[in-house]
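In: Need a 3D model of the sequence below.
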Amino acid sequence: MPQPPDARDVPTRPQRRPSLAWWGLLSLLIPVLTGLLLSWHSLGDLDIWFHLRAGRDLLDGQGVISANRFSFSEPDHPWVNHEWMFQVLTALTGPGTLPPGDGLESPDVTGWNLMRSALTLLLLLTILAGDKGVSRLLGREGPSAAAWMGVPILAGLLLLWPRLTIRPELFSYLFFVLLVRWTEEFFRTAPSAPPRTAGRILLLTVIWAQFHGFASLAPLVLLLGGTMAPIQARLFPGKRHPDQRGPGMGRATALVFLALIALILTPNGWNGLLMPIRALGQFSQSQVDLRSTISELVPLRESPNSLCLTITAFRVSLVWGLVWVIATFGRVSLLRILVFALAAFAAWTNQRSIGIYGVAFMLLHTGAGGNPWRFSLPRKLPTLPATLIPIFGLTVTLITAGLFWPHIINDDFYLGEGIGRRFGTGVNPARYPLAAAEAMTSGESPTYFANLDAAAFLLANTSGQIFIDGRTEAYSPDLWAKYLDIKRGDEKALKLLADKYRVDAVCLATGGGSFDQLAIQLLNSSSWDLWTAEGAGLLFRPTKPTDKGDNDGYDQRNDHGTLLRAAARTEAEADRGSLARKADICLAAGHLYMFAGDTEQREIAFRRGLSFRPDHPTLNHNLGNLLLDSQHFHEALLHFKLALEKNGRLAGSALNAGVCQMRLGNPDKAAGFFRRAADIDPKRFEAWVNLSVALQGSGDRSGAVRALEKALELRPGDSRLQQRLRELMGGTRN
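Out: This is a model prediction of the structure:
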């Protein structure tokens, strides 16, 4: 007969007090409603359109992709499609073909919006309901446990929100929560017990592997769980099951092996199991740095022009997480602590991992149980009465939500974080090149080049073959190097497009601005014709040597006139939508006026946009640049300051504000802005050079030397900087 459990293993629970049950209800509703508000936003995802195309092909019976069937540049490069089940759901809930017309009517993406919100709701309910969440809801863990639970969940949402997009990661977050909990349960269960939890874990792994490549985390979490289980048992023997003898490595090894087998049970077989390893090593020996092209690969703390509040929340959460681990040591499992630490490291190294970190942060708090603190305050210090503690916790939660919610639905939060999302349904203004897709569909299936902002959308809505569609592991580093060469927009780029790859079209989504130089080169080239222009981008085709009377359908309109008409048509769309969306439309129209060389109309468009949202940071920055070029330094400085007040990570605004101050004869104030630009982006060469000039102008020669040394670290071969540094150092010695 098994021995009765140790008395220490039987926690004493206070009887439920029905009058306190509503504490838990409010702590559940507030974060859930916050999550729904954060997930109900306009569509701006780039990858979702690739999943739509792949899902349509699956439903048409074409099977799971194993190579680049959509690409003409490397059609035989191997690739494993982990997300096939997600792609089927994407095709079932997504829009149909593009609406006919002039490319102004956006596709209906309400189904995707609903799926994203439903997955967010399911994720939050899973986090809140587990770890004795129902007991907290009913007041059985004490009123304080339920009342305070909303605070860490809201904090976790402030970390998780950038990844609340319609991607397979949302499924991974849900499966990850279940995996961590079931792994803990498995290693707490006696070896003689029926292997029910092991069966659930293996079934979860099989299902997960059909939705996302993150399923490869399952063996890792199980291995960590088996490693931590014996340490946990030795440190806290009262927590161990009486029938569990010795370490759990044997059980862990067996379950890890079975989980690896489970990962093979996909249409990809062994390739699906090995592809994550191949993907991780693909760029390890390459000189190709995609961080300047794919923002998800950038370390979170270096995110360009965005996520100011989120980065601050991340840093605060690291400190708080350490305090929480110490204060609850022995109550939170070592597995969750280790998962939290690894997720923090992952988020530190790349922006994409902030989602899994937010989930790990929430699990760190839900796993502590009721009354988690191990240390109490000294008796001499005043403490709140027991009845006021839950009231205080709920008050904090309500105030936080009350301050946060208006900014979400008013788009203040998204503007401040430098993100193009807008509250509500639909698509981000001027995000996808609708007219270009329609024009490419009407003719023969072309081979074409598109930048990453346009590639997946065109792939889903045209029948041609693309140069590169954005999947990093589906293309060789050499081809990515060619993509970066084309991105530079010089004569070499034009030769690659026309001579080496002989593409039938070039489509550039211009919202990000990183391909403006290539767009200008194409506009100035006699070998390329502008085919369509819209706020979202430009479509070019090679010039055909045919008579004007028989142009085979090609439109020979003047490029300048095409751009002006497209800008006016785009600006006319600013009569509908929220104030932030109207301002976005004016920004896109101003971009078209820039390509047309009409500075006056560009300024008018920017000022009209600011009449809708005077605090729009990107509009203020762009208008400031125009005023700086025309030497209106006082007004330009005002707009750069307004941009920085709204979005504190706009390094370009800080840099240009410093330039204005220098032109106004204020080197001390200029140095402050240049320091701010360098703090935001330490790799920004211009910030250090200008800081050196400003410090020298204010009499701080030694500081100017240090700033110039920083600039030389970024450009060590610059002879002019080396000479300037020698002159400064000579002056310092004198």
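In: ok, which stretches of the chain are strands?
Out: Assigned by DSSP state E, the strands in the chain fall at 447-450, 465-466, 505-509, 528-534, 537-542.
In: any idea of the pLDDT on Arg17?
Out: Note on Arg17: pLDDT of 47.
In: Show me how the protein divides into domains.
Out: Annotated domains of the chain cover 17-43+109-164+296-373+385-425, 167-277, 434-570, 614-733 [automatic domain parsing].
In: Which among the strands of the chain is found nearest to Leu43?
Out: strand 505-509 (14.3 Å; C-beta to C-beta). The C-beta positions use only the backbone N, C-alpha and C, and glycine is treated the same way.
In: Tell me which strands the closest one pairs with, and in which orientation.
Out: In the sheet, strand 505-509 lines up against strand 447-450 (parallel), strand 537-542 (antiparallel) (DSSP bridges).
In: quick one, which of the ones you listed is nearest to Thr34?
Out: Among those, strand 537-542 comes nearest to Thr34, with 34.3 Å by C-beta to C-beta.
In: still on that earlier bit, can you add mean neighbour count and distance to Gly416 and give the strands paired with strand 505-509 back as CSV?
Out: As requested, those are exported to CSV (neighbours: other C-beta atoms under 10 Å; distance: least, C-beta to C-beta, whole Å):
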stretch, mean neighbour count, distance to Gly416
strand 447-450, 24, 30
strand 537-542, 25, 26
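In: Indicate which one of those is closest to Arg663.
Out: Distances from Arg663 to each of the strands paired with strand 505-509 were compared using C-beta to C-beta; the minimum, 33.7 Å, belongs to strand 537-542.
In: which outside residues touch that closest one?
Out: Strand 537-542 is contacted from outside by 433, 435-436, 439-440, 453-454, 498, 504-511, 519, 522-523, 527-533, 554, 595, using C-beta atoms under 8 Å, 6 or more residues apart in numbering.
In: Could you tell me which of those residues count as buried?
Out: Among the contacts of strand 537-542, those scoring as buried are 433, 435-436, 439-440, 453-454, 504-511, 519, 522-523, 528-533, 595 (criterion: 16 or more other C-beta atoms under 10 Å).
In: Select from the domains of the chain the stretch with the lowest mean pLDDT.
Out: What stands lowest among the domains of the chain, in mean pLDDT terms, is domain 167-277, with a mean of 82.
In: Distance from the chain centre to that one, please.
Out: 27 Å (C-alpha atoms, centre = their mean, to the nearest Å).
In: Same question for stretch 141-158.
Out: Chain-centre distance of stretch 141-158: 25 Å, with C-alpha atoms, centre = their mean.
In: Could you tell me which helix of the protein is the longest one?
Out: For the chain, the longest helix by residue count, based on DSSP state H, is helix 388-409.
In: Pull it out as PDB, backbone CA atoms only.
Out: C-alpha atoms of helix 388-409 as PDB (Å, rounded to 0.1, in the frame of the first residue of the first chain):
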ATOM      1  CA  LEU A 388      -7.900  46.600   2.400                       C
ATOM      2  CA  ILE A 389      -5.200  44.600   0.600                       C
ATOM      3  CA  PRO A 390      -7.500  43.200  -2.100                       C
ATOM      4  CA  ILE A 391      -9.200  46.500  -2.500                       C
ATOM      5  CA  PHE A 392      -5.900  48.200  -3.100                       C
ATOM      6  CA  GLY A 393      -4.900  45.500  -5.600                       C
ATOM      7  CA  LEU A 394      -8.000  45.900  -7.600                       C
ATOM      8  CA  THR A 395      -7.800  49.700  -7.500                       C
ATOM      9  CA  VAL A 396      -4.300  49.500  -9.000                       C
ATOM     10  CA  THR A 397      -5.600  47.200 -11.700                       C
ATOM     11  CA  LEU A 398      -8.600  49.400 -12.500                       C
ATOM     12  CA  ILE A 399      -6.500  52.600 -12.600                       C
ATOM     13  CA  THR A 400      -4.000  51.000 -14.900                       C
ATOM     14  CA  ALA A 401      -6.700  49.700 -17.300                       C
ATOM     15  CA  GLY A 402      -8.500  53.100 -17.100                       C
ATOM     16  CA  LEU A 403      -5.400  54.900 -18.100                       C
ATOM     17  CA  PHE A 404      -4.400  52.400 -20.800                       C
ATOM     18  CA  TRP A 405      -7.700  51.700 -22.600                       C
ATOM     19  CA  PRO A 406      -8.400  55.200 -23.900                       C
ATOM     20  CA  HIS A 407      -4.900  55.300 -25.500                       C
ATOM     21  CA  ILE A 408      -5.400  52.000 -27.300                       C
ATOM     22  CA  ILE A 409      -8.700  52.900 -28.900                       C
END
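In: list the buried ones in that helix?
Out: Ile389, Pro390, Gly393, Leu394, Thr397, Thr400, Ala401, Phe404, Trp405, His407, Ile408.
In: And for stretch 205-222?
Out: 205-206, 208-219, 221-222.
In: Stretch 62-70 now?
Out: For stretch 62-70, the neighbour count (16+ other C-beta under 10 Å) marks Val64, Ile65, Asn68, Phe70 as buried.
In: Kindly confirm whether my reading is correct that the last one touches Leu458.
Out: Pointing back at Phe70 there. No: the pair Phe70 / Leu458 is not scored as a contact, 10.1 Å apart, by C-beta atoms under 8 Å.
In: which residues are in contact with both of the two?
Out: With C-beta under 8 Å, 6+ apart as the test, Phe70 and Leu458 both reach Ile466.
In: which residues touch the closest residue to Trp480 other than its chain neighbours?
Out: The shortest distance from Trp480 to any non-neighbouring residue, by C-beta to C-beta, 6 or more residues apart in numbering, is to Val288 (4.9 Å). Val288 sits next to Pro477, Trp480, Ala481, Leu484 when contact means C-beta under 8 Å, 6+ apart.
In: and the two most separated of these?
Out: Farthest pair in those (C-beta to C-beta) is Pro477 and Leu484. Separation: 10.3 Å.
In: Measure how buried the residue nearest to Leu159 when sequence neighbours are not counted is and give me the count.
Out: Once flanking residues are discounted, Leu159 sits nearest to Gly358: 3.5 Å by C-beta to C-beta, 6+ apart. Applying other C-beta atoms under 10 Å, we find 28 residues neighbouring Gly358.
In: Relative to Ile419, how far out is Gly358?
Out: 16 Å (C-beta to C-beta, to the nearest Å).
In: From start to finish, how long is stretch 204-224 in a straight line?
Out: End-to-end distance for stretch 204-224, by C-alpha to C-alpha, to the nearest Å: 17 Å.
In: Which residues does it contact?
Out: Outside stretch 204-224, the residues within contact range by C-beta under 8 Å, 6+ apart are 80, 82-86, 168-169, 171-172, 175-176, 178-180, 182-183, 201, 252, 255-256, 259-260, 262-263, 265-266, 272-273, 275-276, 279, 335, 338-339, 356.
In: Between the buried residues of helix 388-409, which sits nearest Asn620?
Out: Among the buried residues of helix 388-409, and counting by C-beta to C-beta, the member closest to Asn620 is His407, at 18.3 Å.
In: Now do the contacts for the closest one.
Out: Contacts of His407 by C-beta under 8 Å, 6+ apart are Phe413, Gly416.
In: how does it look with 6 Å?
Out: For His407, the contact set (C-beta atoms under 6 Å, 6 or more residues apart in numbering) comprises Phe413.
In: which of the contacts of stretch 204-224 count as buried?
Out: Buried subset of those (neighbour count, 16+ other C-beta under 10 Å): 80, 82-86, 168-169, 171-172, 175-176, 179-180, 182-183, 201, 252, 255-256, 259, 262-263, 265-266, 272-273, 275-276, 279, 335, 338-339, 356.
In: Take these and keep only those in helices.
Out: If you go by DSSP H, the buried ones among the contacts of stretch 204-224 have 84-86, 169, 171-172, 175-176, 179-180, 182-183, 201, 252, 255-256, 259, 262-263, 272-273, 275-276, 279, 335, 338-339, 356 in helices.
In: Thank you, goodbye.
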